[in-house]
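Q: compute the structure for the input listed below.
(4 chains, ligands or ions: 6)
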Amino acid sequence: MKKIMNKAEDLVIEMCEGMEKAYPQSLVFNHKYKIMRRKNLNKDKVSLISGGGSGHEPSHAGFVGTGMLDAAVCGDVFASPSTIQVYNAIHETRSSMGTLLIVKNYSGDCMNFDAAAEMAEDDDDAIQVERVYVNDDVAVKDSLYTVGRRGVAGTVFVHKIAGAAAEKGLDLLKVKAVAEKVIANVRSMGFALTSCTVPAKGTPTFTLAENEMEFGVGIHGEPGVVREEIADADQLAAKLLERILGDIPFAAGDEVAVMVNGFGASPLQELFVLSNSAAKILAEKDIAVYRTFVGNYMTAIDMVGASITLLKLDDELKSFLDAPANTAALNA
Amino acid sequence: MKKIMNKAEDLVIEMCEGMEKAYPQSLVFNHKYKIMRRKNLNKDKVSLISGGGSGHEPSHAGFVGTGMLDAAVCGDVFASPSTIQVYNAIHETRSSMGTLLIVKNYSGDCMNFDAAAEMAEDDDDAIQVERVYVNDDVAVKDSLYTVGRRGVAGTVFVHKIAGAAAEKGLDLLKVKAVAEKVIANVRSMGFALTSCTVPAKGTPTFTLAENEMEFGVGIHGEPGVVREEIADADQLAAKLLERILGDIPFAAGDEVAVMVNGFGASPLQELFVLSNSAAKILAEKDIAVYRTFVGNYMTAIDMVGASITLLKLDDELKSFLDAPANTAALNA
Amino acid sequence: METMQTSDIMRIVAVMGDVIIENEIPFCELDSAAGDGDFGMSVAKGFRVLKAEWNDLDTSNIGKFLRSCGMIITEHCGGASGPIWGSAFMSAAKYAAGKTELTVQEFAELMQSAVDGIQRRGGAKLGDKTLLDALIPTTESLKQSAVADSSFKKALKNGALAAVEGAEKTKGYVASKGRASYVGDRSISFPDAGAMALGIIFTEIAEKF
Amino acid sequence: METMQTSDIMRIVAVMGDVIIENEIPFCELDSAAGDGDFGMSVAKGFRVLKAEWNDLDTSNIGKFLRSCGMIITEHCGGASGPIWGSAFMSAAKYAAGKTELTVQEFAELMQSAVDGIQRRGGAKLGDKTLLDALIPTTESLKQSAVADSSFKKALKNGALAAVEGAEKTKGYVASKGRASYVGDRSISFPDAGAMALGIIFTEIAEKF
Ligand SMILES: Nc1ncnc2c1ncn2[C@@H]1O[C@H](COP(=O)(O)OP(=O)(O)O)[C@@H](O)[C@H]1O
Ligand SMILES: Nc1ncnc2c1ncn2[C@@H]1O[C@H](COP(=O)(O)OP(=O)(O)O)[C@@H](O)[C@H]1O
Ligand SMILES: [Mg+2]
Ligand SMILES: [Mg+2]
Ligand SMILES: [Mg+2]
Ligand SMILES: [Mg+2]
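A: Residues are numbered from 1 along each chain as shown, chains lettered A, B, ... in the order given. Ligands and ions are numbered 1, 2, ... in the order given. Model prediction:
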């Protein structure tokens, strides 16, 4: 393992401290509960909290700021933050309008965010808390008998759009409804050319041969649909889009936002090549691209690979997508 | 080699097309001469052109836009664009105020940008062209008998600050003077934990043992000061800053901008750890950090590693650094 | 009738913590096959804090003791383990509120409360390939021991056997809860990490009792 | 007096192009030791375009022909090679403006113009570990051949020998221009890629003439 770090057990704290020092005007870091929050909270809007295991940088702390999140709760690498951490984040960012928790659909995250919400609602000075669960990864079958699809890069669109809705002053249930509209219309799928390496473990989570890729990989290195031979960028875009477009009814003429998301170690030049391949296919299928995001948004530490996310847009989603945002990782 | 691409020879074109499609409102790509330019040029300000070999994404095309560059000329991977490409960029972005070329100090780049400037000045409808050469890499000895230091991540500060000066309406010689002030006050140094792989070649440029790093590496994988055992983040920051602070007279109380720049495959979590280490050292030395930039700005394709850049600030540089910018890779 | 005192319950939790801390790496390995390999780390993290704060815990009765354990576990166990183990302790604490001793019957009911807490939190049932596949058989066995008027020694021993047996069976299940569920059929043939861990923990508790 | 016609110069450039294209990979390898390994690619790219557009070149005289070569090379050779080889051709073209034949003496002067063009562009001198360490000896040798009234055949042969010898010597130099200069002392013991390439190219031209 070759990493720029000190001790693995200090990595999350040092990373968060580094981030706080880089954005002293806008971010405050709570060491005890590993909460990154906006420095200037607006008590008269719905508070938005997300978070999860670390290792997905810039998610989620990179999206804390005007027009997006109020706080991100940081777990250890790939481990959900605890109930108590989330509970404290709810208190630290409490507003007169209530709180929305944006949870990626993993059982650990769901249980901790749920329990924290219940704790906050049970308090004497109860806080109204609503939750949404992002489950955009079409690599995983959605079924009544499983925990359902995973939440991956599409989460960033939820942050952006629900963030804009909250900033505009919508009430808790309306912000929640907007977030759920995003969730209903966003789908993602990714692939890995190499595994990530969890710092505390020090060795890759899985091993691929020189000509292999893991198609449908998760953002923690979870296995996906199939392990198969590496394809070129045009083929990769076609395979990913086939799955995504097969999962949600898209009609010719629909408008979408596209995110080509790097998993951490794929260079930007390759992400733009992939996004070019995707754009060609969408044009052929007569799906109009309203906006494109290319970069590292929801990473898997240092995995080589990428995902494509499509979000079907209507006028409401478009206006929130275009609204101003001022965060470390996304400015609009 | 595991890369997301189609044919290696099409990579630069496809990447640029992908970029143009992702930013259709602001960018136009000239295929013949591989020039990425602003869609809406302002003919009444000094035009700023940079560029160089590809492989440093988001440099340089990612910094084309309001408040920064008017055009980036894209060479093949790690190869200077040709004189004719640069010449055409000068023509495509000509303004009533003249043109400044921001050149990274490599012999190929210098020769091509120089020759292009001479061609443009020799034309019947001569364009006034000035040049600056960025040479911030303290890993390389500056001497009268060599081509001098290399230009690396500090170039991005030149784009930002000269871009703001041009946007403000300063004349060509004043914009050039501001750019030269940045160059005089900016120093960088980097290290690699692994080599990059040039797509056309398909194998790493150099090989490091599991416990080795190349200290002082260049952004094309050029060797640096010494190959030695990997150090931890605190030690790395100390070693880099020692070189940087040894090269330019810093005094306690000085204010600086810091850039912690990833080389392409180092995850953001590690860059924030490194930036945290650097911040601790600068605080000890009583050097005030005015702003910090952490991310991939001047990459070496898919190299694992990073660099630190310090820019000594005065009030003029601060105001230009803080001025608005609206580009793919930097928004202010 | 034979009863456990607060100090007995404390001893049981102490043994549990020691087994977890000792087995941190093996427990991670159990989670590597089909999960994400952090189970040992996640539980050990919380139980290490518990050990460090052992002398400051409220031990005025069994309920208070279990509640103060539950708070620490909820805060410091990572991932899914925090809420699962935390809600088990919190729910058991509610059952034991004010109690300073427990019969075998009451101990079985306390364990049932733990099961209920976990199910309320995580929604899993028997056969979903989670630690419930060990914990539910243990609880059922304890109930039978109460009916049969067994000693604690014997009840704990049979309970541990039931856990080990239940954990073994998880090899044949497809995971439908937790991270292993993403692997679908690929999870077959690997036992569930949490269930296996409970088998090991309960065996050690029965031996030390 | 023996002279070269425009067609002879065209043949020489054609051979040069063929050698460069054939040796693309070996030339890259020469640049790998201390440079960045793209030299073969950079020059071959331009000469491939030259070959493709060969029938459209202006061949009305030597100056025009070299100028149209120089334009293509300047546009299509990558990296440092574009301006270096481009300015060599453009500068030689200026010398040969309007000429349709060249004596050995004039050919030597044309080569001197190429050297001057490269030096104006890149500022390197003999001993800086660049292709000038081959090209300058070749030019000096051609001048001596002119004084000695040698045939073109002999002049080219001696010129090629001088290039090979000059290129060999670069092994002992520390690079001070071009990318190899960043390596400092580490560049010693590796010859310069550009100089070695000229040795190979000139040898082939002399043989084919
Ligand atoms: N919904 C659930 N109900 C009960 N136990 C569960 C549930 N989900 C997971 N588990 C248990 O937790 C164990 C994994 O814990 P851990 O590795 O800490 O969680 P994570 O999945 O977040 O990495 C599994 O082996 C299983 O026994
Ligand atoms: N200033 C210079 N003058 C003359 N020749 C030079 C100069 N700089 C480099 N060269 C030649 O160019 C060759 C390298 O060309 P190339 O690999 O295309 O350039 P780059 O350094 O941009 O990768 C060197 O081997 C050397 O012979
Ligand atoms: Mg986990
Ligand atoms: Mg080069
Ligand atoms: Mg786990
Ligand atoms: Mg080269």
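Q: tally of neighbours for the nearest residue to residue C:117 once chain neighbours are set aside?
A: Spatially, and ignoring its direct neighbours in sequence, residue C:117 is nearest to residue C:91 (2.6 Å; Cβ to Cβ, 6 or more residues apart in numbering or on different chains). Where you see a C-beta, it was placed from the backbone N, CA and C, and this is true even at glycine. The local packing of residue C:91 (other Cβ atoms under 10 Å in any protein chain shown) involves 23 other residues.
Q: for residue C:91, give me the pLDDT.
A: At residue C:91, the pLDDT value in this model is 96.
Q: ok but it is inside a strand, no?
A: No - using DSSP: H, G, I helix; E, B strand; the rest coil, the assignment for residue C:91 is helix, not a strand.
Q: ok, it to ligand 2 distance?
A: To ligand 2, residue C:91 is 69 Å away according to Cβ to the nearest ligand atom, to the nearest Å.
Q: quick one: secondary structure of residue A:5?
A: Going by three-state DSSP: residue A:5 is coil.
Q: also residue A:72?
A: What three-state DSSP gives for residue A:72 is strand.
Q: for it, which non-adjacent residue is spatially closest?
A: Counting by Cβ to Cβ, 6+ apart, residue A:60 is the residue found nearest to residue A:72 once chain neighbours are left out, at 3.8 Å.
Q: if I look at the one you found, how far off is residue C:96?
A: Per Cβ to Cβ, to the nearest Å, residue A:60 is found 38 Å from residue C:96.
Q: these two: which has the busier surroundings?
A: Counted by other Cβ under 10 Å, residue A:60 and residue C:96 do not tie: residue A:60 has more neighbours, with 28 against 25.
Q: show the contacting residues for the more buried one.
A: Counting by Cβ atoms under 8 Å, 6 or more residues apart in numbering or on different chains, residue A:60 makes contact with A:50, A:51, A:52, A:69, A:72, A:73, A:74, A:155, A:159.
Q: within range of ligand 5, give me the residues from chain C.
A: Neighbours of ligand 5 within chain C, by Cβ under 5 Å from the ion: C:31, C:35, C:36, C:38, C:39.
Q: residues touching residue 93, list them.
A: With no chain named, the answer covers chain A. Contacts for residue A:93 (Cβ under 8 Å, 6+ apart) come out as A:37, A:38, A:41, A:47, A:49, A:70, A:71, A:99.
Q: I was after chain C.
A: Applying Cβ under 8 Å, 6+ apart to residue C:93 gives the contacts C:62, C:63, C:64, C:65, C:66, C:67, C:69, C:70.
Q: swap the cut-off to 10 Å and go again
A: Listed by Cβ atoms under 10 Å, 6 or more residues apart in numbering or on different chains, the contact partners of residue C:93 are C:61-71, C:110, C:113-114, C:117.
Q: ok, now residue A:253?
A: If a contact means Cβ under 10 Å, 6+ apart, then residue A:253 has A:286, A:287, A:288 as its contacts.
Q: extract the CA atoms of the lowest-mean-pLDDT helix or strand in chain C and return them as PDB.
A: Every helix and strand in chain C was compared by mean pLDDT, DSSP states H and E; the lowest is helix C:24-32, with a mean of 92. Provided in PDB are the C-alpha atoms of helix C:24-32 (Å, rounded to 0.1, in the frame of the first residue of the first chain):
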ATOM      1  CA  GLU C  24     -11.000  -8.700  16.300                       C
ATOM      2  CA  ILE C  25      -9.000 -10.000  13.300                       C
ATOM      3  CA  PRO C  26     -10.700 -13.400  13.000                       C
ATOM      4  CA  PHE C  27     -14.100 -11.700  13.200                       C
ATOM      5  CA  CYS C  28     -13.000  -9.300  10.400                       C
ATOM      6  CA  GLU C  29     -12.000 -12.300   8.300                       C
ATOM      7  CA  LEU C  30     -15.400 -13.900   8.800                       C
ATOM      8  CA  ASP C  31     -16.900 -10.700   7.300                       C
ATOM      9  CA  SER C  32     -14.500 -10.600   4.400                       C
END
